[in-house]
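Trainee: Quick one, structure for this:
(2 chains)
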There are 2 protein chains.
Amino acid sequence: MAYFDAASSAPLHPVARQALLASLDEGWADPARLYREGRRARMVLDAAREAAAEAVGCRADELVFTSSGTRAVHSGIAGALAGRRRVGRHLIVSAVEHSSVLHSAEVHEAAGGTVTQVPVDRGGAVDPAAYGDALRADTALACLQSANHEVGTEQPVTEAAEVCRAAGVPLLVDAAQSLGWGPVEGDWSLLAASAHKWGGPAGVGLLVVRKGVRFAPQGPVDERESGRAAGFENIPAIVAAAASLRAVRAEAAEEALRLRELTERIRVRVPRAVPDVEVVGDPVRRLPGVVTFSCLYADGEVLLHELDREGFSVSSGSSCTSSTLTPSHVLRAMGVLSEGNVRVSLPPGAAEEDVERFLTVLPGAVAAVREKLGAPVATEVAHEQDVLVVDSLGKRCPIPVIELAKVIGDVPVGGLVRVLADDEAARLDIPAWCEMRGQEYVGEEPADKGTAYLIRRVG
Amino acid sequence: MAYFDAASSAPLHPVARQALLASLDEGWADPARLYREGRRARMVLDAAREAAAEAVGCRADELVFTSSGTRAVHSGIAGALAGRRRVGRHLIVSAVEHSSVLHSAEVHEAAGGTVTQVPVDRGGAVDPAAYGDALRADTALACLQSANHEVGTEQPVTEAAEVCRAAGVPLLVDAAQSLGWGPVEGDWSLLAASAHKWGGPAGVGLLVVRKGVRFAPQGPVDERESGRAAGFENIPAIVAAAASLRAVRAEAAEEALRLRELTERIRVRVPRAVPDVEVVGDPVRRLPGVVTFSCLYADGEVLLHELDREGFSVSSGSSCTSSTLTPSHVLRAMGVLSEGNVRVSLPPGAAEEDVERFLTVLPGAVAAVREKLGAPVATEVAHEQDVLVVDSLGKRCPIPVIELAKVIGDVPVGGLVRVLADDEAARLDIPAWCEMRGQEYVGEEPADKGTAYLIRRVG
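Mentor: Model prediction:
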């Protein structure tokens, strides 16, 4: 069995486990109490805060522990927006932020605020100049992840922080994916992170608010954690989080090199071993352990099942959870192929032989999925003037693309194919297919049912 | 060392520890994922939900796990109020709820809602009829704790639920103090609880919303826990919480009898062994392990230090945390003495010999504190017409009461003493002293500085 989904949640680091066990006996009392057990809990909590702050590169009194990374993001954004309410109600986010950031933006918009989503390039990164252009006189807060959770691309945080600082706008960095690898460089104002992403326990997030940043915690008053994180402190988990952060940092430089070499193998060899694959994300500025690719004519979820049966736990941006079936907003924003998407995120310590076995197994798994989907489907193909019409209504991606690929050779060079589809993913996958295949994507238009996509045969 | 502050936080139950350790290896993955580790995490989570629901007496799909009891209360109140927004914006709470409830009520009021605080009797309980009288056509939600956290008094939840049900208003029960002892009876609609109060780990709360109760989760959207508790699930802690709830329930009937006998000893023997003590809270309808008393002429915080030195960890409603110095809102609402307040809350398994030693040590500890405070203080006593004036401005309680007690014998029966004080606690403690001493409390009036309290000597 190989667990290759560290970007979702990393297995508990041995140091986290030890620290958790050791502090179960010292950390259960209320640190606000003045008696012995309370004082001991307070000492343990303070020491964990010092350790975490050192790893982040901030003052201990700038850092509070929240109950999750999601909570850190929610509270950080809400508090910073409220603290700068007088300046205005404009919020900037990148288009590829984690859902906790985007959902916070939705709430802000629903409450009358305005939001600008800064687009990303095909590699998944924002352009700092474009980020700067989004700044307005009424901008209360800007948010940018340190690295993307789906494709691993690192964002230009230092440069974005500079343009924000020049405009007097605080920048909140969601460092969930990168904090285990090193501190976030640059002059950021707020930072959020999540312990279970670096091998700490679930139930602990970090929220850092730099001194001087206006911040007004929202929700009911609660004295704990400087009023910024309501609820009884989970001290054993906090201790485990801080201890494991130090531990992974101590191993980070060496392990990053090792994982980077392993993910590079995947980047290079998957497109050789599997036909019609697009590796997505920045090839250089990226997290050490994450590599993501999309396989044309394959269903992401079916592919995950196939790989799970082979003993590999990976994730997919196509339909990555048990409850959502929409293509990832990240892949959509990047404009890359979303179908048959696979994210491999290696945990520290991932074995070389598991990666090799993955590379051996993958081509067969993809072929099996494609074979299942490639079985003849009843497609009504009708020549109508000079346009070949493919009716893929009611069929889920990647079927529309598969049907397009089957008929493109039937029209002359310069001729048009019109694909009718009502699966939203087609909007992303048909243009992506055209780019991969060197065909011209003409555009889309509303049809009687669904949407019509027009493709001109070039070669 | 004896830890007598279980109402703040109970030491981790051995079953909780075992379950936590056992599930660290199975519960770290994302339960929303479809691969093996994710499916296993989901199974473990589902089993914990079933177990917790059985202990609460609800359906598994009515129960979600939050990151703390405080979060369960905040989310429960906010969601229920929003769900019934069309009915109105009136909220009912008792005057002695936990701060998480009262702070939620403050936020609601600040946002334009209205709040009725139902008063309690001298024993700390609400009157169901008075609770019913507070119901209005625009009442969206009513909140009532199952038992009070400071004095242990059980509330008439069944009766309150009945009047609420008759009016079509959902009742939210804060069961933080009682859930380890048994399910909450009655036809309530929502319930909140906290695992570390029953010996579970920190970081886990329960929120139950009965089917049919209108509920609209607030804050940014998050798919986890039916959209009612944002953030990655802390499955090992959740498993430990559910397992320990079953374990404490299995021992509850027997242990309740044992602790009830021990707290009864304290109720009976403290007033015999220590002069000028008032035991507060309902003598019969109360939690098994909680007993609270107030000591005239003693400072609660100094008394806690004294008891801590003797090896007892207890709490005080006078100035009970390291960051607040105001008298407890609970004691204030009950109209009982707040000075020199001590709450003893025995954890399951508390040793009889520790309770005996506490009873042996307490009289000396109280005497020592009183001696420190009773040292001669520069009090300007001036006869002014028929009124003896005591200037206690700038002096913290219990000094004003001590000075009052020293001079009451100097005025003739029927004569008046006028105490000038600016410590807020005097407003509570001077009337309470009058009641304990059989003197007449005439009333208060604003003075040039602080407040003047008028007392007539009766005997």
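Trainee: Any idea how many residues pack against A:Pro14?
Mentor: Neighbour count of A:Pro14, defined by other C-beta atoms under 10 Å in any protein chain shown: 12. Every C-beta, even on glycine, is put in place using the N, C-alpha and C of the backbone.
Trainee: Which phi and psi values does it adopt?
Mentor: phi -50, psi -30 (degrees, to the nearest 10).
Trainee: what's the answer for A:Arg249, then?
Mentor: Dihedral pair for A:Arg249: phi -60, psi -40, per degrees, to the nearest 10.
Trainee: again with A:Ala53
Mentor: In terms of degrees, to the nearest 10, the main-chain angles of A:Ala53 are phi -60, psi -40.
Trainee: quick one, what contacts it?
Mentor: A:Arg59, A:Ala60, A:Glu62, A:Leu63, A:Val208 (C-beta atoms under 8 Å, 6 or more residues apart in numbering or on different chains).
Trainee: can you list those in a markdown table and add pLDDT, secondary structure and distance to chain B?
Mentor: Below are the contacts of A:Ala53 laid out as a markdown table (pLDDT from 0 to 100; DSSP: H, G, I helix; E, B strand; the rest coil; distance: C-beta to the nearest C-beta, whole Å):
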| residue | pLDDT | secondary structure | distance to chain B |
| --- | --- | --- | --- |
| A:Arg59 | 97 | coil | 20 |
| A:Ala60 | 97 | helix | 17 |
| A:Glu62 | 98 | helix | 19 |
| A:Leu63 | 98 | strand | 18 |
| A:Val208 | 98 | strand | 18 |
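Trainee: Need the buried ones from those selected in ChimeraX.
Mentor: Selection of the buried residues among those in ChimeraX, burial being defined by 16 or more other C-beta atoms under 10 Å in any protein chain shown:
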select /A:62,63,208
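Trainee: of all the contacts of A:Ala53, which two lie farthest apart?
Mentor: The largest separation in these, counting by C-beta to C-beta, is between A:Ala60 and A:Val208 at 10.2 Å.
Trainee: quick revisit: now, which of the contacts of A:Ala53 sits nearest B:Ala52?
Mentor: A:Leu63 (32.1 Å).
Trainee: pretty sure that closest one contacts A:Gly205?
Mentor: No - applying C-beta atoms under 8 Å, one finds A:Leu63 not in contact with A:Gly205, separated by 10.8 Å.
Trainee: How about residues contacting stretch A:448-457?
Mentor: Here stretch A:448-457 makes contact (C-beta under 8 Å, 6+ apart) with A:387, A:393, A:400, A:404, A:408, A:411-422, A:426-427, A:430, A:434, A:439-446.
Trainee: Just the buried residues of it, please?
Mentor: Quick answer for stretch A:448-457 (16+ other C-beta under 10 Å): A:Gly450, A:Thr451, A:Ala452, A:Tyr453, A:Leu454, A:Ile455, A:Arg456, A:Arg457.
Trainee: now do the same end-to-end measure for it.
Mentor: 24 Å (C-alpha to C-alpha, to the nearest Å).
Trainee: With stretch A:387-406 instead?
Mentor: Stretch A:387-406 end-to-end distance (C-alpha to C-alpha) = 15 Å.
Trainee: okay, now the closest residue to A:Pro156 other than its chain neighbours: neighbour count?
Mentor: Spatial nearest neighbour of A:Pro156, excluding adjacent residues (C-beta to C-beta, 6 or more residues apart in numbering or on different chains): A:Pro128 at 4.9 Å. Counted with other C-beta under 10 Å, the neighbours of A:Pro128 add up to 20.
Trainee: Quick check, A:Pro128 in contact with A:Val163.
Mentor: Yes - the pair A:Pro128 and A:Val163 passes the contact test of C-beta under 8 Å, sitting 6.1 Å apart.
Trainee: Quick check: whichever residue of the stretch 101-250 of chain A sits closest to chain B vs A:Leu45, distance?
Mentor: Nearest residue of the stretch 101-250 of chain A to chain B: A:Gly231, at 3.0 Å (C-beta to the nearest C-beta). Distance, A:Gly231 to A:Leu45, by C-beta to C-beta, to the nearest Å: 14 Å.
Trainee: mind checking pLDDT for A:Gly374?
Mentor: pLDDT for A:Gly374: 74.
Trainee: how close does it sit to B:Gly227?
Mentor: A:Gly374 is 38 Å from B:Gly227, by C-beta to C-beta.
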